[in-house]
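Undergrad: here are the coordinates; sequence isn't available:
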């Protein structure tokens, strides 16, 4: 439990560690090299290549998770805390979304382009606000709830494997000519791993507006997981959130002020989740003793 408390504290205070030694960056480099080296062929072969790529990245994640076990105290503790902290991004997510709150539309467009994969060049102010809020809501699962959830279940290996799968999905899990089959396996694996965490996120939003959050959750049938926290954020804020040709949740126009409000909601939801996690761990530890 002390490892998790220390990792969360370091994240909240300092944010992300140097990218040169960040496990997610290392995962990304492995994926990029395999992606670049592999020449696309037939669908089945591409799918098998995607499974092979996933296996290599997950093997590396498992290797990293074993490193602390091989070290003496206090180095084992320090390395585990560092690797665990690298699996989630509480402060970094807050800061990236906060950077999108600016009066100049072009500056906002540039900031939003750093946190979403969609083309933002033609988005108006309201759609830029929406994209920023959507990214914040969806990443409550990817960047906070899911890695900590899998750490609770399986220890450090659970957190790192989840982060590896999530990185694979972010880099190759697209439905286009290049990644349709190569990225299918990691994309579906990411869907499986996010199924429970995305529903946990819904529960965290419920105290803010139980009836409306539940109603919007039941309307979230556009995606397997990603639209669930977005629907909840839309319900609490009372604004529409939309990704064109993908999903839309109704409400008034999202303004810059709503991005600020979304950050306060983020703090509440993440705080509630961490409180629940620490209380649960405390109870389990004392029950075992």
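TA: That came in fine, so what should we check first? Computed from a prediction, not measured in an experiment: that's the story for all the values here.

Undergrad: Show the end-to-end separation of stretch 14-31, please.
TA: Stretch 14-31 has its terminal residues 27 Å apart, counting by CA to CA, to the nearest Å.

Undergrad: So that it lines up with my notes, have the first residue be 860 from now on.
TA: Sure, I'll start counting at 860 from here, so that last one is stretch 873-890.

Undergrad: average model confidence for it?
TA: Mean pLDDT, stretch 873-890: 86.

Undergrad: for stretch 1138-1147, same thing?
TA: The predicted model assigns stretch 1138-1147 a mean pLDDT of 75.

Undergrad: Look up how far residue 1117 lies from residue 984.
TA: Separation of residue 984 from residue 1117 (CB to CB, to the nearest Å): 11 Å. Backbone N, C-alpha and C define where each C-beta goes, glycine included.

Undergrad: So between the two, which is more surrounded?
TA: A count of neighbours by other CB atoms under 10 Å puts residue 1117 above the other of residue 984 and residue 1117, at 24 against 15.

Undergrad: Could you point out the helix or strand that follows the helix or strand hosting residue 1061?
TA: Element membership for residue 1061 (DSSP states H and E) is helix 1043-1064. Counting by DSSP H and E, the element after helix 1043-1064 in chain order, helix or strand, is helix 1069-1078.

Undergrad: On the C-terminal side of that next one, identify the next helix or strand.
TA: Once helix 1069-1078 ends, the next helix or strand along the chain (criterion: DSSP H and E) is helix 1086-1096.

Undergrad: What strand or helix carries residue 1101?
TA: Using DSSP H and E, residue 1101 maps to strand 1100-1102.

Undergrad: ah, wrong one, I meant residue 1009
TA: Assigned by DSSP H and E, residue 1009 belongs to helix 1005-1013.

Undergrad: returning to what we had before: return the list of helices and strands in contact with the helix holding residue 1061.
TA: If you count contacts as 3 or more CB pairs under 8 Å, 6 or more residues apart in numbering; DSSP states H and E, helix 1043-1064 packs onto helix 902-925, helix 1005-1013, helix 1015-1031, helix 1069-1078, helix 1086-1096, helix 1115-1147.

Undergrad: can you put those in JSON lines and add distance to residue 1056?
TA: Listed next are the helices and strands packed on helix 1043-1064 as JSON lines, based on distance: least, CB to CB, whole Å:
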{"stretch": "helix 902-925", "distance to residue 1056": "18"}
{"stretch": "helix 1005-1013", "distance to residue 1056": "4"}
{"stretch": "helix 1015-1031", "distance to residue 1056": "9"}
{"stretch": "helix 1069-1078", "distance to residue 1056": "14"}
{"stretch": "helix 1086-1096", "distance to residue 1056": "10"}
{"stretch": "helix 1115-1147", "distance to residue 1056": "10"}
